[in-house]
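*Asks:* Provide a 3D model corresponding to the input given below.
(one chain, ligands or ions: 1)
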Amino acid sequence: MTKRKVLLLGEIEHAHESWTSLSSLAELISPQSRTRAEFLDECKDGQLEGVVVVYRTFASVDITGRFDEELIECLPQSLKFICHNGAGYDQVDVHVCTARGIKVSNTPNAVDDSTADVNMFLILGALRNFNTSMTALREGKWRGCPPPPLGRDPEGKTLGILGMGGIGRNLKKKAEAFSMRVVYHNRKKLPDEMAGGAEYVGFEELLGMSDVISLNLPLNNHTRHKISTHEFSLMKRGVVLVNTARGAVIDEAALVSALNSGHVASVGLDVYEDEPKIHPGLIANPHVMLVPHMGTWTVETQTAMEEWNIGNVRSVLETGALRNVVPEQVDL
Ligand SMILES: O=CC(=O)O
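*Replies:* Below is the predicted model:
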């Protein structure tokens with residue numbers, strides 16, 4: 001009998017032993033392709049027949065492109081599972097996977113601490129306007145001339161968390177250590193023990209009452225450009241906005257206008273609408289703290305993500321099921 005195959009798209013950087021240990025259960029293969037066109041041909045030529053599960057990384061999109069309808073339709077008939085190494089799985093069209101009977105997993109909990117840490121860093125940096133003085137110092141101008149306006153303290157400010165999933169709930173605890181009052185909005189109110197005392201408010205209410213707004217919601221067809229011109233107009237003048245989720249949740253052009261008009265005082269961003277390109281209006285604005293998508297960029301978190309994803313591959317090979325599936329597939 002031919003051995004089942006596992007296709008690795010991307011690299012294993014940390015959890016080498018766990019990955020290698022899978023070889024007693026299946027043949028571990030990598031694609032020959034370096035481009036999307038080559039990958040589609042490799043699929044169509046039947047070279048990937050026998051692959052039951054794909055392990056893919058965020059960066060592998062540079063080779064295959066998005067797992068959209070065109071690509072998913074070409075995948076071998078044997079393929080039943082896609083294990084995505086990342087919390088956000090917007091590179092994979094889950095709807096098409098579901099229609100083809102493919103189950104998809106991600107790495108939700110592993111990312112919570114490090115992403116919420118970056119979130120808090122951006123909140124503090126944007127409130128204190130650290131970007132201007134850090135740039136001035138490197139230019140030999142000490143705090144700058146004139147020095148930046150005084151920053152603001154997080155203590156006593158209202159933080160509105162849009163999307164109270166694992167990262168949002170983790171951020172809530174961290175923000176409370178800085179004496180922030182936390183309110184949140186989700187499509188559904190959380191059970192009280194999960195919300196941990198944070199007040200549930202409507203979407204527009206959150207926009208209107210928050211001093212700081214943190215975007216922690218996944219990118220999908222419902223959330224693309226969730227924050228645009230109209231939503232900015234509902235926010236307090238002088239609001240601070242941070243985003244560690246996905247860039248396209250914000251309409252970046254509208255954000256640049258809101259910053260230029262002074263309606264939004266400052267912004268902290270880890271993610272961008274068209275990464276790695278950054279809107280020139282964001283680069284030019286001194287009130288913007290920019291981090292190049294480093295929410296999970298720590299040894300501990302990257303290792304934990306790989307271990308979780310490999311655990312999912314192992315679970316498929318040993319039990320025929322994933323340990324977790326993405327929320328859209330939970331009730332299937
Ligand atoms: O962006 C990071 C992730 O989706 O895990």
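*Asks:* so where's this structure shaky on pLDDT?
*Replies:* The model of the chain has pLDDT under 70 over residues 1-2.
*Asks:* Break it down into its domains, please.
*Replies:* 5-110+300-329, 112-290 (automatic domain parsing).
*Asks:* need those in CSV with mean neighbour count and distance to the ligand, can you?
*Replies:* For the C-beta atoms, the positions are set from N, CA and C on the backbone; glycine is no exception. CSV is the format used below for those (neighbours: other Cβ atoms under 10 Å; distance: least, Cβ to the nearest ligand atom, whole Å):
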stretch, mean neighbour count, distance to the ligand
domain 5-110+300-329, 18, 3
domain 112-290, 18, 7
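*Asks:* Please, which helix or strand holds residue 293?
*Replies:* Here residue 293 sits in a region with no helix or strand, counting by DSSP states H and E.
*Asks:* Just give me the neighbour total for it.
*Replies:* 17 (other Cβ atoms under 10 Å).
*Asks:* Could you verify my assumption that it touches residue 246?
*Replies:* No. Contact between residue 293 and residue 246 fails when scored by Cβ atoms under 8 Å: they sit 9.6 Å apart.
*Asks:* who touches both of those two?
*Replies:* Residues within reach of residue 293 and of residue 246 at once, by Cβ atoms under 8 Å, 6 or more residues apart in numbering, are residue 271.
*Asks:* which residue packs closest to residue 155, ignoring adjacent ones?
*Replies:* Distances taken as Cβ to Cβ, 6 or more residues apart in numbering place residue 179 nearest to residue 155, at 4.3 Å, with adjacent residues excluded.
*Asks:* same check, this time on residue 19
*Replies:* residue 12 (4.5 Å).
*Asks:* which residues does residue 320 contact?
*Replies:* Residue 320 touches nothing, counting by Cβ under 8 Å, 6+ apart.
*Asks:* Repeat the analysis, applying 10 Å as the threshold.
*Replies:* 52, 80, 81 (Cβ atoms under 10 Å, 6 or more residues apart in numbering).
*Asks:* Same list (these) but as TSV, adding secondary structure.
*Replies:* Below are those laid out as TSV (DSSP: H, G, I helix; E, B strand; the rest coil):
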residue	secondary structure
52	strand
80	coil
81	strand
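*Asks:* those helices in the stretch 1-150 of the chain, which residues are they?
*Replies:* Ranges of helices within the stretch 1-150 of the chain are 16-21, 36-44, 61-64, 69-74, 94-99, 112-128, 130-138, based on DSSP state H, counting those that start in this stretch.
*Asks:* To residue 156, which of the ones you listed lies closest?
*Replies:* helix 112-128 (11.8 Å; Cβ to Cβ).
*Asks:* Just list what the lengthiest helix in the chain packs against, helices and strands only.
*Replies:* Longest helix in the chain by number of residues (criterion: DSSP state H): helix 299-319. For helix 299-319, the packing partners by 3 or more Cβ pairs under 10 Å, 6 or more residues apart in numbering; DSSP states H and E come out as strand 5-9, helix 16-21, strand 51-57, strand 81-85, strand 103-105, helix 112-128.
*Asks:* Please verify my assumption that residue 203 contacts residue 231.
*Replies:* Yes. Assessed by Cβ atoms under 10 Å, residue 203 is found in contact with residue 231 at 8.5 Å.
*Asks:* tell me, what's touching the two both at once?
*Replies:* With Cβ under 10 Å, 6+ apart as the test, residue 203 and residue 231 both reach residue 162.
*Asks:* one step back: how about the longest helix of the chain as CSV, C-alpha atoms only?
*Replies:* Output in CSV follows, covering the C-alpha atoms of helix 299-319 (Å, rounded to 0.1, in the frame of the first residue of the first chain):
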residue,chain,number,x,y,z
VAL,A,299,10.8,32.3,19.5
GLU,A,300,8.2,31.1,22.0
THR,A,301,5.2,31.9,19.9
GLN,A,302,6.6,30.8,16.6
THR,A,303,7.5,27.5,18.2
ALA,A,304,4.1,27.1,19.9
MET,A,305,2.4,27.8,16.6
GLU,A,306,4.4,25.2,14.7
GLU,A,307,3.9,22.6,17.5
TRP,A,308,0.1,23.2,17.4
ASN,A,309,0.0,23.0,13.6
ILE,A,310,2.1,19.8,13.5
GLY,A,311,-0.1,18.4,16.3
ASN,A,312,-3.1,18.9,13.9
VAL,A,313,-1.3,17.0,11.2
ARG,A,314,-0.5,14.3,13.6
SER,A,315,-4.1,14.1,14.8
VAL,A,316,-5.3,13.8,11.2
LEU,A,317,-2.9,10.9,10.6
GLU,A,318,-3.6,9.1,13.8
THR,A,319,-7.3,9.8,14.3
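*Asks:* Quick one: work out the angle between that helix and helix 112-128.
*Replies:* Comparing the axes of helix 299-319 and helix 112-128 via axes from the mean of the first three to the mean of the last three Cα atoms, to 10 degrees yields an angle of 150 degrees.
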